[in-house]
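**Student:** build me a model from this:
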Amino acid sequence: MIIYLRILIFCFFLLMLSTLDPSIAECAGRSVPFQIGEKMVFKVRWTFIPAGEAVLEVLPHDSVGGFPVRHLRLTAFTYPAVDVFYKVRDHMDSYVDMDMTRSLSYTRTTLGKKHREEKVVFDTDSATARYSNFDEERAPIDIEPGTFDPFAVFYAFRLGGLREGVTLSHPVADGKRSIVGRADVVRRETVNTAMGEMDVFLVKLTMDEISGAFEKPEGAGMQIWVTADDYRIPVRVKSKVPVGSFVAELVDISGTDWPPAAAAKGSSRVSSTE
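**Tutor:** Numbering: from 1, shown residues only. So this is what the prediction gives:
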């Protein structure tokens with residue numbers, strides 16, 4: 001069952017893709033709901049067993065091909081007890097244009113059962129994405145305008161709006177394939193989380209149309225709870241598996257003026273993993 005930790009991580013970001021509102025194209029030049037220094041820590045468990053953590057960070061701006069870009073990073077790992085069965089050490093870096101309209105470059109280093117050094121270069125002029133792993137390079141694939149990589153789309157999603165009863169979609173590519181993900185905004189509700197009681201939207205990912213994109217167990221579903229405010233913070237992600245379920249819970253957030261973050265810090269309700 002430990003293999004589902006990595007599946008959950010990737011489905012999590014694909015879900016971020018599929019809930020991206022089409023209005024994102026109108027967000028160019030506007031302020032974004034996150035800032036340099038923002039850091040979110042998620043703890044992942046299988047049923048009641050702690051499995052690992054995922055840390056998301058907004059780093060200082062960088063440049064790609066002479067163009068200024070936003071630099072986003074994900075670090076994911078399993079705990080030592082879990083490493084015995086299935087070790088995960090994933091490190092992802094996304095480089096997105098300053099207006100948050102498309103990805104320019106994406107890298108992923110995997111140190112676990114297999115060692116990978118993957119890179120995807122997005123070429124707007126040719127509308128293609130080219131994948132490489134060490135010295136192995138694949139033929140470029142065609143992509144749609146405004147395509148994001150599987151990680152950056154999480155932040156792009158936060159620019160759009162959510163409302164009950166709508167189905168949303170957006171293109172994403174990992175250099176091997178390009179897909180359009182879709183999700184349903186089920187309802188607005190109040191839930192108790194590690195960050196306290198939250199007003200959230202429940203979003204359900206429809207995975208049938210993306211079965212070829214990422215490995216997943218048959219019949220698996222994905223739900224995410226996103227705050228119903230301008231920050232659109234994901235506070236919980238849940239995926240059912242043949243035995244039990246995996247849950248990723250936001251347990252710490254810093255480098256942001258999101259009100260619950262300051263409240264949690266003041267009450268010491270949430271402990272930092274640092």
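**Student:** where does the prediction get shaky in the protein?
**Tutor:** Applying pLDDT under 70 to the chain flags the ranges 1-31, 157, 160, 181, 206-221, 241-243, 262-274.
**Student:** the same query, at a cut-off of 80, please.
**Tutor:** 1-33, 86, 112-113, 153-161, 168-170, 180-183, 205-222, 240-245, 260-274 (pLDDT under 80).
**Student:** burial of Thr101, as a residue count?
**Tutor:** Thr101 is flanked by 20 other residues according to other C-beta atoms under 10 Å. Quick note: C-beta positions are derived from backbone N, CA and C, even for glycine.
**Student:** you'd agree it is in a helix?
**Tutor:** No: membership of Thr101 in a helix is not supported by DSSP: H, G, I helix; E, B strand; the rest coil, which gives coil.
**Student:** so it makes contact with Gly146?
**Tutor:** Yes: Thr101 lies in contact with Gly146 (C-beta atoms under 8 Å); the separation is 5.8 Å.
**Student:** give me every residue that touches Asp123.
**Tutor:** 129-130, 140 (C-beta atoms under 8 Å, 6 or more residues apart in numbering).
**Student:** let's go with 10 Å and repeat that
**Tutor:** 65, 104, 129-130, 140, 143 (C-beta atoms under 10 Å, 6 or more residues apart in numbering).
**Student:** burial of Val84, as a residue count?
**Tutor:** 9.
**Student:** now do the buried residues in stretch 95-106.
**Tutor:** 95-97, 100-106 (16 or more other C-beta atoms under 10 Å).
**Student:** what segments of the stretch 1-150 of the chain are strands?
**Tutor:** Assigned by DSSP state E, counting those that start in this stretch, the strands in the stretch 1-150 of the chain fall at 39-46, 49-64, 67-78, 89-97, 103-111, 115-123, 128-133, 136-137, 141-142.
**Student:** partners of the last one in the sheet?
**Tutor:** Just to be clear, that refers to strand 141-142. strand 128-133 (antiparallel) (DSSP bridges).
**Student:** could you do the fifth one as well?
**Tutor:** Based on DSSP bridges, the strands next to strand 103-111 in the sheet, each with its direction, are strand 89-97 (antiparallel), strand 115-123 (antiparallel).
**Student:** just name the most buried of these.
**Tutor:** strand 89-97 (a mean of 21; mean count of other C-beta atoms under 10 Å).
**Student:** just the endpoints, please. Distance across stretch 112-131?
**Tutor:** Start to finish, the residues bounding stretch 112-131 are 20 Å apart (C-alpha to C-alpha, to the nearest Å).
**Student:** next one: it to chain centre, how far?
**Tutor:** On the basis of C-alpha atoms, centre = their mean, to the nearest Å, stretch 112-131 sits 17 Å off its chain's mean C-alpha point.
**Student:** ok, stretch 170-190 next?
**Tutor:** With C-alpha atoms, centre = their mean as the basis, stretch 170-190 stands 11 Å off its chain's centre.
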